[in-house]
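Visitor: attaching a predicted model along with its sequence, questions to come.
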Amino acid sequence: MRSNLLPALIACSLLTGCATSTMQYEPRIKLQQPSECLMPCPALPLLTEPDELAVAIWTYDLIDAAAECRRMHETCRKAKE
């Protein structure tokens, strides 16, 4: 009787250890990232003409592109939190 009891106790202790261990599971449903995380930032505008008006327009376009890129990064960062 004792010879059968020892393997049974060992088997129970091994199975109990497996039942109480915590494993990290990936969620089955992954949250969709906003489109801002999947799209690259807008391309920076090129300076086409060296005159003053063209440089002023280019500067405003550059600022707009940088602001759009920053907004996209902020939206993406907030979605990941």
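Guide: Happy to help now that I have it. All of these numbers come straight from a predicted model, not from anything done at the bench. Residues are numbered from 1 along each chain as shown.

Visitor: quick check: buried residues in the longest helix that the chain contains?
Guide: Secondary structure of the chain per DSSP state H: the longest helix is helix 52-80. If you call a residue buried by 16 or more other CB atoms under 10 Å, then helix 52-80 has these buried ones: 58, 72, 76. (Glycine included, C-beta is placed from N, CA and C.)

Visitor: can you redo those residues as JSON lines with pLDDT?
Guide: Listed next are the buried residues of helix 52-80 as JSON lines, based on pLDDT from 0 to 100:
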{"residue": "Trp58", "pLDDT": "93"}
{"residue": "Met72", "pLDDT": "90"}
{"residue": "Cys76", "pLDDT": "87"}
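
Visitor: nearest to Glu52 among these?
Guide: Each of those was scored against Glu52 by CB to CB, and Trp58 proved nearest at 10.6 Å.

Visitor: and that closest one, what does it touch?
Guide: With contact set as CB atoms under 8 Å, 6 or more residues apart in numbering, Trp58 has these partners: 45-48.
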